[in-house]
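1. fold the following, please.
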Amino acid sequence: MSEKVTFWFDVSCPFCWITSRWIKEVEQVRDITIDWVPMSLSVLNDGRDLDPDYMKKMEANWGPARVFAAVATREPEKLDELYTILGTKIHHGQQGGKQGYGAYNELIREALADAGLDPAYADVADTDTVDDKLRAFHQTAMDEVGNDVGTPVVKFGDTAFFGPVLTRIPRGEEAGELFDASVRLASFPYFFEIKRSRTETPQL
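-> As a prediction, this is how the structure comes out:
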C-alpha cells in the first residue's frame, strides 16, 4: 500500500531542499505518493523584528513563493517539476541568499520556461495578487505543526513534523531506511520532537 507524504516547501531554504531531495530518493525505493504544497518563510516572518539582512532575504523570497502559489492553484501536478528545476538553479547553481524584492525574477522566468509553464506566472512575483492563496497554503502547514517552525514541514500519513532537518542527502536504501524510521515515529501519537544543535550547513 502506497504511503502518503505531504511536503510543504519554500524553494529558497537550503535545509528544505536537502530534505526534499531525500524524499525524491525515497520515491525510488519505496511505494510513496507525494503531495507538494508551497509554504513561505516570508509569510512566516512577516511583521517580525529580525536582522535587517535576513529580512532583505525574506523580501526576495516573496517572488518565488508567490509563483509557486499560483502554479499550485492552477497546475498542482507541475509543482514537483518546477521545484526541482528552480531549486537546482538556486542551490546547485549557488544563486541562493538573494536580497530585495524581485531578486529571483530572472531565475523564475528561466525555470518556468524549462518546465514548459506559462511565462505569465512570473507576473505574480512582484504583486500581492496571490498572497491570499499563498497564505492559505502556508496556513495548512501551520495547522498541522503550529507556528514555531520553519521549512520543511513533512507529513507522514496522518502526522506532520517540522523536518526532518538534514544537512546531507541520504541515497538509495539508506534513504528508504530513514523514511521507514520517520514513518514509525509518526505512527506513535505521543512522539513530538527530536532536536540537537546543527554543526554544519547543507552539503550538496
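2. roughly how far out does the longest helix along the chain sit from the chain middle?
-> In the chain, with assignment by DSSP state H, the single longest helix is helix 52-74. Relative to its parent chain, helix 52-74 has a centroid offset of 11 Å by C-alpha atoms, centre = their mean, to the nearest Å.
3. give me the helices and strands touching that helix, please.
-> Identification of packing neighbours for helix 52-74 by 3 or more C-beta pairs under 8 Å, 6 or more residues apart in numbering; DSSP states H and E yields strand 32-38, helix 41-44, helix 79-87, helix 105-114, helix 131-145. Backbone N, C-alpha and C define where each C-beta goes, glycine included.
4. and the last one, how far out from the chain middle?
-> In terms of C-alpha atoms, centre = their mean, the centre of helix 131-145 is found 13 Å from the chain centre.
5. for that helix, buried residues please.
-> Residues of helix 131-145 classed as buried: 131, 133-134, 137-138, 140-142, 144-145 (neighbour count, 16 or more other C-beta atoms under 10 Å).
6. cool, the fourth one as well?
-> Neighbour counts using 16+ other C-beta under 10 Å place 105, 107-108, 111-112 of helix 105-114 among the buried residues.
7. what is the mean pLDDT for that helix?
-> For helix 105-114, mean pLDDT is 98.
8. repeat for stretch 193-204
-> So the average pLDDT for stretch 193-204 ends up being 90.
9. begin at 776, not 1, for the rest of this chat.
-> With the count now opening at 776, the last piece we talked about shows up as stretch 968-979.
10. re the thing from before, CSV for the helices and strands packed on helix 827-849, including distance to A895?
-> Supplementary listing: the helices and strands packed on helix 827-849 in CSV, determined by distance: least, C-beta to C-beta, whole Å:
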stretch, distance to A895
strand 807-813, 18
helix 816-819, 22
helix 854-862, 14
helix 880-889, 9
helix 906-920, 16
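11. out of the ones you listed, flag the one nearest A844.
-> Taking C-beta to C-beta, helix 906-920 is the member of those nearest to A844, at 3.8 Å.
12. now do A961, the pLDDT please.
-> Here, the pLDDT recorded for A961 equals 96.
13. my read: it touches V929, true?
-> No - with contacts counted by C-beta atoms under 8 Å, A961 stays clear of V929, the gap being 9.0 Å.
14. who touches both of the two?
-> Common contacts of A961 and V929, defined by C-beta atoms under 8 Å, 6 or more residues apart in numbering, comprise F936.
15. more neighbours, the two?
-> Set A961 next to V929 and count neighbours by other C-beta atoms under 10 Å: V929 wins out with 27 against 17.
16. so what touches the strand or helix carrying the more buried one?
-> Using DSSP states H and E, V929 sits in strand 928-931. Applying C-beta under 8 Å, 6+ apart, the contact partners of strand 928-931 are 778-783, 794, 798, 814, 916, 919-920, 935-939, 957-958, 961-962.
17. okay, and which of those residues map to strands?
-> Using DSSP state E, the members of these that fall in strands are 778-783, 935-937.
18. so which of the residues you listed comes closest to T859?
-> Checking those against T859 with C-beta to C-beta, the nearest one is F782 at 12.2 Å.
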